[in-house]
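Participant: here is a sequence together with a model predicted from it:
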Amino acid sequence: MPDLLLELLSEEIPARMQRQAAEDLKKLVTGALVDRGLTYEGARAFATPRRLALTIVGLPSRQPDTREEKKGPRISAPEAARLGFLKSIGVPESEFHRFDLYEGHSIALPERGLSVEVRGSGKDATAFALIEREGIETLALLAEILPGIIRTFPWPKSMRWGAASASPGSLRWVRPLRSILATFGAETEDTEIVPFEVDGLKAGNVTYGHRFMAPGEIRVRRFDDYVSKLEAAKVVLDADRRKEIIRADAQNLAFAQGLELVEDEGLLEEVAGLVEWPVVLMGSFEEAFLDVPGEVIRATIRANQKCFVLRKAASPLGGEGGAERRERGQENGLANRFLLTANIEAKDGGTIIIGGNERVIRARLSDAKFFWETDKRVWAEDRDFKRLEKFKNVTFHEKLGSQWDRIERIRALAKELCKVTGADPAEVDLAARICKADLLTEVVGEFPEVQGFMGRVYATLFEKELGISPSVAAACEEHYKPIGPNDRVPTDKVSVTVALADKLDTLVGFWAIDEKPTGSKDPFALRRAALGVIRLVVENGLRVGLLRISDAHQSEVVQSILAIPSKEPGLKVRGFLRGVDKQFDVDTRTVDLLSFFHDRLKVMLRDSGARHDLVDAVLANGESNDDLLLVVRRVEALGKFLDTEDGKNLLAGYKRAANLLRDEEKKAKKTDETEGAFEAAADPTLLKEESEKALHAALSRAGEAVMVALEKPDFEAAMRAMASLRGPVDAFFDAVMVNADDPAIRKNRLALLATLRRVTRQVADFSKIAG
């Protein structure tokens, strides 16, 4: 079966766009083929700095013929409906007069593969169309599909170029598009060029090798010789293979010098997108620069020169948990070597390339060393942290005040959270006070990515002089964590307390000014902050009443906002003080924030494998649902219970009871009976059958046991109490007719079922559970 080879050669594509562009190309082309009835055996897309390539194997040589019947309107329908139907099936307006639809009538347009007939009689007479289309050659179909895909390709950013750029409809591409290669044919036959062009660029069977080492033309037929000829012309097509070449060569070079590579997957991905023929080289810098903290050296070399750093073998930076084990202060374990990836095999072995990189890195490290020495001097001289008052002139958000205001709010909230975390209040207050201090330093001003880390370094460096404990120093870095779903969660009590206060202040503050995430937009990373709060609480086993804490802190935020000078204070007061604006209520805002936490918790639990219906069931019962730790434990216990036979059978019994109650409650409303007619406790004197007496006694025992267990809380015990209901519920439905002839007995039995609903709802709303 024939294969397609497509290559789009351009000037350099930004590395960050390459993988997505390759996937987009595959998705667009294969999607267009499938939409036209063409299947295929497999497809692969590739990207290099200069080209996107796609191969699709196992395509049919011809599109299949199709035969489709389409039902139209009744012939009595308005004329507009009948004409719309004719237009939808491809009848040209000039032929409308031939399609006067009446009972028993039929007409055909053979040249269009179209026929229409009226079926049925009287009011039911309806038009039906039969549309037959002959498939076309796949080569012609590709020539029709590909130009449109190229013209509308979804680059995040694109440009026009050359003389044609003056025309608004000219081709846009990420960088100037230079050539198009498109061949189609079976493995045993000669391939054909797909006949199309885009803005004067004709598709052909020619590509080009490496820009510098093999820039000549290369004629190719199909994918196999395309890959081999490109390799011979110094182009590695597969990005993952380029990554492995870089990784292996870097590790070998490091090993030869008795060093280890500091792995950096993000940088490796980027560098693989910068070169078509990777050549790894080693450079060096003066050992004096190793006085600078390792993260700063790494940030400098990574950001400016896209180079990898090396460490001394068996350095404390190595292995799992290296972040926790790295040495404090100036010693960083790095070597004064770095690895760069060139895109050329230089005749001098790379001497000039290495020298150029060394000059730039030396200059950048000189700046970093100057910043580092300056910051150390400032910290040493300012033992009372007077410089923190500079935060009064640093705006956090125009509606939420300065960084100083924010730090004061964090300190107040952290003090309250000490009661939950058990952290030392004095240490927490100091950590909250200085945790943002590194934002004022020269190093962080130049390298923002090392914020937090540098706070810890400075605090550790002067811990004796400034009376900073290791826990406080750690909190200066760890209060930002966890940054994402896979980031490490702090466990030190001081770090956990300040991290919670930092994230909760952000969330409560932005909720107060109504700056919530909308759709995919989340400019203040509030979803990440909420997930951070959830992980801090759950993974550290903390009982935090989010409603109470958020409501109390909302008042702090309001007072902070009201203290901000404003030209129009009336605008600021509106919506913040209780009673001033009827549409605003602090409780409403905090309940809305709690709902946001629940949404993020659902995502986290579902990602960890929890059933979504169990999460909904636990949250719906309304008990302690602002204590996220209890919500998680309740979901886990409920899941284990429902996996047992007792749990499955009790759920089935509950569903049966709930259905009976729902039907009878609907009838009660229609007959004007009072709402909740069956919510009253069952009358023991009306219990006639042994099985209903047994269920009544079991519900009484289980209800009490569940309540006691939940107060502890002991969810395992609550589930055991629920399991005790399985037998009595099964026996009740086997032996008792709920809808008895006697209205009093019927109502009493329904009250018994309502009691079952109430007992189970103490744990979760079973109506939300599938099954």
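Facilitator: That came in fine, so what should we check first?
Participant: from here on, contacts and neighbour counts on C-alpha atoms
Facilitator: Noted.
Participant: domain ranges for the chain?
Facilitator: According to automatic domain parsing, the chain comprises the domains 3-61+138-232, 66-133, 239-381, 392-609, 634-768.
Participant: what's the offset of the first one from the middle of its chain?
Facilitator: Domain 3-61+138-232 sits 30 Å away from the centroid of its parent chain (Cα atoms, centre = their mean, to the nearest Å).
Participant: measure that domain end to end?
Facilitator: Taking Cα to Cα, to the nearest Å, domain 3-61+138-232 runs 23 Å from one end to the other.
Participant: got it, and the shortest one?
Facilitator: Terminal residues of domain 66-133 lie 5 Å apart, using Cα to Cα.
Participant: go on, the longest one?
Facilitator: The first and last residues of domain 392-609 sit 46 Å apart, counting by Cα to Cα.
Participant: what mean pLDDT does that domain have?
Facilitator: Averaging pLDDT along domain 392-609 yields 85.
Participant: now do the contacts for Asp643.
Facilitator: Contacts for Asp643 (Cα atoms under 8 Å, 6 or more residues apart in numbering) come out as none.
Participant: so it versus Leu614, what's the distance?
Facilitator: 12 Å.
Participant: buried set for stretch 273-285?
Facilitator: Of all the residues in stretch 273-285, those buried under the rule 16 or more other Cα atoms under 10 Å are 273-285.
Participant: same question, stretch 393-408
Facilitator: For stretch 393-408, burial by neighbour count (16+ other Cα under 10 Å) applies to Lys399, Leu400, Gly401, Ser402, Gln403, Trp404, Asp405, Arg406, Ile407, Glu408.
Participant: shouldn't Leu628 be in contact with Val538?
Facilitator: Yes - between Leu628 and Val538 there is a contact at 7.0 Å, judged by Cα atoms under 8 Å.
Participant: ok, those two, which is more surrounded?
Facilitator: Under the criterion of other Cα atoms under 10 Å, the comparison of Leu628 against Val538 puts Leu628 first, with 26 against 19.
Participant: how close does that one sit to Val292?
Facilitator: Computed as Cα to Cα, the Leu628 to Val292 distance reads 42 Å.
Participant: go on, Gly333?
Facilitator: For Gly333, the distance to Val292 equals 11 Å [Cα to Cα].
Participant: so Ala702 belongs to a helix, correct?
Facilitator: Yes - per DSSP: H, G, I helix; E, B strand; the rest coil, Ala702 lies within a helix segment.
Participant: neighbours of it, how many?
Facilitator: Number of residues near Ala702 (other Cα under 10 Å) recorded here: 23.
Participant: checking Leu413 next. Helix, strand or coil?
Facilitator: Classification of Leu413 by three-state DSSP places it in helix.
Participant: you'd agree it is up against His553?
Facilitator: Yes - under the criterion of Cα under 8 Å, Leu413 makes contact with His553 at 6.8 Å.
Participant: what sits in contact with each of these two?
Facilitator: Joint contacts of Leu413 and His553 (Cα under 8 Å, 6+ apart) are Asp505.
Participant: do a quick rundown of the helices in the stretch 551-700 of the chain.
Facilitator: Assigned by DSSP state H, counting those that start in this stretch, the stretch 551-700 of the chain shows helices spanning 569-573, 586-607, 612-620, 628-642, 645-670, 690-711.
Participant: for Val738, which of those helices is the nearest?
Facilitator: Among those, the nearest to Val738 by Cα to Cα is helix 645-670 (8.6 Å).
Participant: relative to helix 628-642, how tilted is that closest one?
Facilitator: When axes from the mean of the first three to the mean of the last three Cα atoms, to 10 degrees is applied, the directions of helix 645-670 and helix 628-642 differ by 100 degrees.
Participant: what's the following helix or strand after the worst-scoring helix or strand of the chain on mean pLDDT?
Facilitator: When the helices and strands of the chain are scored by mean pLDDT, DSSP states H and E, helix 322-325 comes last with a mean of 40. Sequence order places strand 334-342 as the next helix or strand after helix 322-325, per DSSP states H and E.
Participant: sheet partners, orientation included, of that next one?
Facilitator: The pairing partners recorded for strand 334-342 under DSSP bridges are strand 279-284 (antiparallel), strand 308-312 (antiparallel).
Participant: and Gly333, how far from Asp405?
Facilitator: For Gly333, the distance to Asp405 equals 38 Å [Cα to Cα].
Participant: again, but for Asp502
Facilitator: To Asp405, Asp502 is 12 Å away according to Cα to Cα.
Participant: please apply the same query to Leu109.
Facilitator: Distance, Leu109 to Asp405, by Cα to Cα: 78 Å.
Participant: how far is stretch 594-611 from where the chain is centred?
Facilitator: In terms of Cα atoms, centre = their mean, the centre of stretch 594-611 is found 13 Å from the chain centre.
Participant: circling back: just put the strands paired with strand 334-342 in TSV and tack on distance to Ser88.
Facilitator: Below are the strands paired with strand 334-342 laid out as TSV (distance: least, Cα to Cα, whole Å):
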stretch	distance to Ser88
strand 279-284	59
strand 308-312	61
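Participant: any idea where the strands of the stretch 51-200 of the chain begin and end?
Facilitator: In the stretch 51-200 of the chain, the segments counted as strands under DSSP state E, counting those that start in this stretch are 51-57, 66-74, 106-109, 114-119, 126-133, 177-185, 192-193, 197-198.
Participant: let me redo that: the stretch 401-550 of the chain
Facilitator: Using DSSP E, counting those that start in this stretch, the strands of the stretch 401-550 of the chain run over 401-402.
Participant: just give me the longest helix of the chain.
Facilitator: The longest helix of the chain (DSSP state H) is helix 351-381.
Participant: what's it packed up against?
Facilitator: Packing partners of helix 351-381 (3 or more Cα pairs under 8 Å, 6 or more residues apart in numbering; DSSP states H and E): strand 279-284, helix 294-305, helix 442-446.
Participant: let me know the angle separating the longest one from helix 351-381.
Facilitator: Going by the same axes, to 10 degrees, helix 294-305 is angled at 140 degrees with respect to helix 351-381.
Participant: in helix 294-305, what's buried?
Facilitator: Neighbour-count burial for helix 294-305, counted by 16+ other Cα under 10 Å, picks out Gly294, Glu295, Val296, Ile297, Arg298, Ala299, Thr300, Ile301, Arg302, Gln305.
Participant: what is the nearest of those residues to Asp714?
Facilitator: Checking those against Asp714 by Cα to Cα gives Glu295 as the nearest, at 45.6 Å.
Participant: tell me the contacts of the closest one?
Facilitator: Val450, Phe453.
Participant: let's see 10 Å
Facilitator: Residues near Glu295 by Cα atoms under 10 Å, 6 or more residues apart in numbering: Ile301, Asn332, Leu334, Phe447, Glu449, Val450, Phe453, Met454.
Participant: now swap in Glu463 and tell me
Facilitator: The contact partners of Glu463, taken as Cα under 10 Å, 6+ apart, are Arg456, Val457, Ser469, Pro470, Val472, Ala473.
Participant: likewise Lys419?
Facilitator: By Cα under 10 Å, 6+ apart, the residues touching Lys419 are Pro425, Thr497, Val544.
Participant: how about 8 Å then?
Facilitator: Per Cα under 8 Å, 6+ apart, neighbours of Lys419: none.
Participant: from Gly545, how far out is it?
Facilitator: Separation of Lys419 from Gly545 (Cα to Cα): 12 Å.
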